[in-house]
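Undergrad: sequence below, structure please.
(2 chains)
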There are 2 protein chains.
Amino acid sequence: MSEVIINDLTVRDIRFPTSIELSGSDAMNVDPDYSAAYVTIHTSDTDLVGHGLTFTIGRGTEVVVLACKALKYLVVGKTLKSLTQDMGATWRMITSDSQLRWIGPEKGVIHLATAAIVNALWDLYAKSEKKPLWKLLVDMTPEELVSCIDFRYITDAITPQEAIHILKSNQDSKNQRVAEMLKDGLPAYTTSAGWLGYSDDKIKTLCREALDQGWNYFKIKVGRDVNDDVRRMRIIREEIGYERKLMVDANQWWDVNEAIEHMKVLSEFKPWWIEEPTSPDDILGHATIAKALAPYGIGVATGEHCANRVMFKQLLQANAIKFCQIDSCRLGGVNEVLSVLLMAKKFNIPVCPHAGGVGLCEYVQHLSLFDYVSVSATLEDRIVEYVDHLHEHFVNPCVIVNGKYVPPTEPGYSITIREQSLNDHEYPNGSVWTRVNQI
Amino acid sequence: MSEVIINDLTVRDIRFPTSIELSGSDAMNVDPDYSAAYVTIHTSDTDLVGHGLTFTIGRGTEVVVLACKALKYLVVGKTLKSLTQDMGATWRMITSDSQLRWIGPEKGVIHLATAAIVNALWDLYAKSEKKPLWKLLVDMTPEELVSCIDFRYITDAITPQEAIHILKSNQDSKNQRVAEMLKDGLPAYTTSAGWLGYSDDKIKTLCREALDQGWNYFKIKVGRDVNDDVRRMRIIREEIGYERKLMVDANQWWDVNEAIEHMKVLSEFKPWWIEEPTSPDDILGHATIAKALAPYGIGVATGEHCANRVMFKQLLQANAIKFCQIDSCRLGGVNEVLSVLLMAKKFNIPVCPHAGGVGLCEYVQHLSLFDYVSVSATLEDRIVEYVDHLHEHFVNPCVIVNGKYVPPTEPGYSITIREQSLNDHEYPNGSVWTRVNQI
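TA: Down below sits the predicted model:
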């Protein structure tokens, strides 16, 4: 183990032409081509390779790829052990490069690239320990977990001592929850029925299929036109009834007051949460919206575009969110996610990860399993997003049974894409793209 | 005019090896190589070329260069008039690309690239009108200015009507202030004496030189070690006395509570402001620090890393800053700066732009001239940063006389770099870099 050396780090620009079918269309993101900057960490042990990706939606993936290459020099040439023995220091080292920090700091392109590399390191680490990532985390002591976190800028919300205390309080009952998860799986919700680009008939059909599959939580996209939203929510409520939960997602479409007015109209259909009502940077705006919508029983959810732990800290401090939607690769990888899971626990806010895209479902199942087993110890109000797209490209795709994620058992972070899929979808010269461009 | 077409947009990676002399070193940025992603917009009129840059500090400049190239398709092929006749729509178009938005939104690399392109457009616009940028802005009507702003996400703080009202209230006295500026210049402060890397003797010498040059406001870097800060502040106060203003800058070094404790110690030396005490993303943290330090007469200043107008809006709403330090190219160019100037006016907070680096002094003089003439109409507590670095590379460098900026009179945004400097400093193959790499 101690002699495994990081020999190289390569990055590929992988894009799926999803915009052709309007899968994934919402108010803000009208024509996404689900994409990834895909990182491979090569080691001196040819059987030990780490994979990580960051999710993008087409143009600009090449920019994230180049950012990964800019960070590469920070890990190549080091031993795996020197990086994993103090994961907190490793994360600080990657996010604090004295020149690259300027083009963030800890946000946007450079932080997306950080996530791909950090997640690839965790994949490598978990594989070297022959455990799925969630189990690697679950098996760590509270002290080991806390040492993975960079507490810079969050000590006014949570200290390392408080974090250790939270983790210790759940230690004794961990195995029970591991067994429960392996038996029952992790509750999930589906976004597959509710994209803006779909026809009414397609929505109805998808709802019925989802009910047949055992789903109890549904989410749809809203925002552009209130009358259209009313019509679509009515259709869905007719299909799923009021005993199941329905969430709506505006993808940052509104200003603060618009969000409040629009949601008052939609309150008729009893949405459980409104997701991304406004700018992801507007902590105080989310707090204003949360306060205004609380009397209607609507909670505010956000996080898929929340740049880092400092922003999540404030969303929690300001009572701006009722649901905390971490993103596995907009946050700077596993380490930063750990800090947010612990802050959310301290503020008593459930974490319901953002997923979908490409690879996000594969990633977040690990994070929520760890959250339940080691941090929150409750499933109340905790559901993980699931979207039925592009899983076939993964070597170990996530598995959903009866609306629940089945815990992965293969070593690693489940993010390895099949070699054939990589070759076909590499942009711009993969066969899929040469074909699209001929049409 | 109406037939000027944007034919091409080119981008160069320009770096100055400033880390060799530790010019510009601070607690967080220990070895910057002042750099720029330098954009040139070519038009069908060969005499009409627009320039814009975004400031970076070395590694990662190539990532911003690639982001500029990703945005290029949004402006090339269009007429200049189609872009300038509705600058607000143009800005929204550039910042809302349905795929590129994902890798921001409106922050980090993609927003830095946006700034370079947007500023190049304004440079082109001002040159086509044969006016320096500040005069182009000053000559616009309130309605024209407000139409340049994207009010998305800020209408809860300022509406277009309120912005027009602010601008109208200063209309009649504008010419008076233009004349005053042309006669007296714009008050500035110097950061040249206070970098962390300098010896005590160098600090003393630089202080004396600055006093001889007529400076009345001084800023130094602090943060890493409280005893070292005390020693350096004592030296500087001995040199400049207490009748002049002294500001300190921690460059994001502290957590919230550390900032408060450290600054209580330094309060002995009566700093006027503490700049960047903590994470630039921590609005609530800045508010906590501001409240704690107010009894000591120390104001909080931040903004050079403030990602966008939504973050500035909240800093103002939360009473988190006493000084608003806009950055000319971390904000998405002139349009977004206009929105922040108007919000700051509404909240009665002075704008003291961040400058230094490469080109920032050349940029911000225009913004503060406009702010004084058309928005704030007062100079109280308003000073513009000045650092004596790298001005010799500009075709129209800023001019300082007696600690004041002399208003530029050449058409454009003063950001054109000399061709020889570009060739010498292009990374990695310019002659300066081939020489550095041989040492």
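Undergrad: hey, which helix is longest across chain A?
TA: Counting by DSSP state H, the longest helix found in chain A is helix A:108-128.
Undergrad: would that one count as contacting chain B?
TA: Yes. For helix A:108-128, a contact with chain B is found by CB under 8 Å from any CB of the partner chain, at A:108-112. C-beta coordinates here come from the backbone N, C-alpha and C atoms, glycine included.
Undergrad: what residues sit buried inside the very next helix or strand once past that helix?
TA: Going down the chain from helix A:108-128, the next helix or strand is helix A:133-138, by DSSP states H and E. Buried residues in helix A:133-138, counted by 16 or more other CB atoms under 10 Å in any protein chain shown: A:133-138.
Undergrad: show the contacting residues for the residue nearest to the spatial centre of chain A.
TA: Closest residue to the average C-alpha location of chain A: residue A:327 at 2.9 Å, with CA atoms, centre = their mean. Residue A:327 makes contact with A:303-306, A:353-354, A:360, according to CB atoms under 8 Å, 6 or more residues apart in numbering or on different chains.
Undergrad: now do the contacts for residue A:149.
TA: Counting by CB under 8 Å, 6+ apart, residue A:149 has contacts A:88, A:91, A:160, A:163, A:335-336, A:338-339, A:342.
Undergrad: now the residues you listed as a markdown table including distance to residue A:289?
TA: A markdown table is the format used below for the contacts of residue A:149 (distance: CB to CB, whole Å):
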| residue | distance to residue A:289 |
| --- | --- |
| A:88 | 34 |
| A:91 | 32 |
| A:160 | 33 |
| A:163 | 29 |
| A:335 | 30 |
| A:336 | 25 |
| A:338 | 28 |
| A:339 | 25 |
| A:342 | 25 |
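Undergrad: filter those residues down to the ones in helices?
TA: A:88, A:91, A:160, A:163, A:335-336, A:338-339, A:342.
Undergrad: dump those residues into JSON lines; add distance to residue A:365, neighbour count and pLDDT as well.
TA: Formatted as JSON lines, the ones in helices among the contacts of residue A:149 follow (distance: CB to CB, whole Å; neighbours: other CB atoms under 10 Å in any protein chain shown; pLDDT from 0 to 100):
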{"residue": "A:88", "distance to residue A:365": "24", "neighbour count": "19", "pLDDT": "98"}
{"residue": "A:91", "distance to residue A:365": "22", "neighbour count": "24", "pLDDT": "98"}
{"residue": "A:160", "distance to residue A:365": "27", "neighbour count": "16", "pLDDT": "98"}
{"residue": "A:163", "distance to residue A:365": "23", "neighbour count": "25", "pLDDT": "98"}
{"residue": "A:335", "distance to residue A:365": "18", "neighbour count": "26", "pLDDT": "98"}
{"residue": "A:336", "distance to residue A:365": "18", "neighbour count": "26", "pLDDT": "98"}
{"residue": "A:338", "distance to residue A:365": "16", "neighbour count": "29", "pLDDT": "98"}
{"residue": "A:339", "distance to residue A:365": "20", "neighbour count": "29", "pLDDT": "98"}
{"residue": "A:342", "distance to residue A:365": "19", "neighbour count": "27", "pLDDT": "98"}
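Undergrad: and the helix or strand that contains residue A:191, which strands flank it?
TA: Element membership for residue A:191 (DSSP H and E) is strand A:186-194. When pairs are called by DSSP bridges, strand A:186-194 turns out to pair with strand A:217-221 (parallel), strand A:384-386 (parallel), strand A:404-406 (antiparallel).
Undergrad: what lies in contact with that strand?
TA: With CB under 8 Å, 6+ apart, strand A:186-194 has contacts from A:203, A:206-207, A:210, A:215-221, A:232, A:236, A:245, A:247, A:249, A:356, A:365, A:368-369, A:372, A:379, A:382-389, A:400, A:403-405, A:407.
Undergrad: ok now that strand, how far from the chain's centre?
TA: With CA atoms, centre = their mean, to the nearest Å as the basis, strand A:186-194 stands 14 Å off its chain's centre.
Undergrad: can you give me the helices for the stretch 301-439 of chain A?
TA: Assigned by DSSP state H, counting those that start in this stretch, the stretch 301-439 of chain A shows helices spanning A:309-317, A:334-346, A:360-370, A:419-425, A:431-438.
Undergrad: re the thing from before, so which of the residues of helix A:108-128 next to chain B is the closest to residue A:284?
TA: residue A:108 (21.1 Å; CB to CB).
Undergrad: ok, so what distance separates the closest one from residue B:105?
TA: 9 Å (CB to CB, to the nearest Å).
Undergrad: neighbour-wise, which of the two wins?
TA: Between residue A:108 and residue B:105, counted using other CB atoms under 10 Å in any protein chain shown, the more crowded position is residue A:108 (27 against 24).
Undergrad: list the contacts for the more buried one?
TA: Contacts of residue A:108 (CB under 8 Å, 6+ apart): A:307, B:103-104, B:107-111.
Undergrad: quick check, pLDDT for residue A:439.
TA: pLDDT for residue A:439: 63.
Undergrad: ok, residue A:21 next?
TA: Note for residue A:21: predicted pLDDT of 72.
Undergrad: ditto for residue A:199
TA: So, for residue A:199, pLDDT stands at 87.
Undergrad: separation between it and chain B?
TA: 21 Å (CB to the nearest CB, to the nearest Å).
Undergrad: okay, now that residue: neighbour count?
TA: 8.
Undergrad: ramachandran coordinates for it?
TA: The phi and psi values for residue A:199, taken as degrees, to the nearest 10, are phi -80, psi 160.
Undergrad: residue in chain A with the shortest distance to chain B?
TA: residue A:108 (2.0 Å; CB to the nearest CB).
Undergrad: get me the contact residues on the stretch 101-250 of chain A for chain B.
TA: Near chain B, when you scan the stretch 101-250 of chain A using CB under 8 Å from any CB, you find A:101-112, A:152-156.
Undergrad: in PyMOL, select just the buried ones from the residues you listed.
TA: Command for PyMOL that selects the buried part of these, burial taken from 16+ other CB under 10 Å:
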select buried, chain A and resi 101+102+103+104+105+106+107+108+109+110+111+112+152+153+154+156
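Undergrad: quick revisit: just give me the closest of the ones in helices among the contacts of residue A:149 to residue B:313.
TA: Scanning these for proximity to residue B:313, where the rule is CB to CB, the winner is residue A:336, at 25.3 Å.
Undergrad: skipping its backbone neighbours, what lies nearest the closest one in space?
TA: residue A:309 (5.3 Å; CB to CB, 6 or more residues apart in numbering or on different chains).
Undergrad: now residue A:407
TA: Closest to residue A:407 by CB to CB, 6+ apart is residue A:181, at 5.2 Å.
Undergrad: pLDDT at that neighbour, what is it?
TA: For residue A:181, the model assigns a pLDDT of 98.
Undergrad: pretty sure it sits in a strand.
TA: No. Going by DSSP: H, G, I helix; E, B strand; the rest coil, the assignment for residue A:181 is helix, not a strand.
Undergrad: can you get me a residue count around it?
TA: Residue A:181: 22 neighbours (other CB under 10 Å).
Undergrad: list the residues that contact it.
TA: A:369, A:372-373, A:407.
Undergrad: how about residue A:155?
TA: Residue A:155 touches B:255-257, counting by CB under 8 Å, 6+ apart.
Undergrad: what about it, distance to residue A:371?
TA: 22 Å.
Undergrad: repeat for residue A:106
TA: 22 Å.
Undergrad: likewise for residue A:93?
TA: For residue A:93, the distance to residue A:371 - CB to CB - is 26 Å.
Undergrad: residue contacts, residue A:288?
TA: Taking CB under 8 Å, 6+ apart as the test, what residue A:288 contacts is A:256, A:260, B:156.
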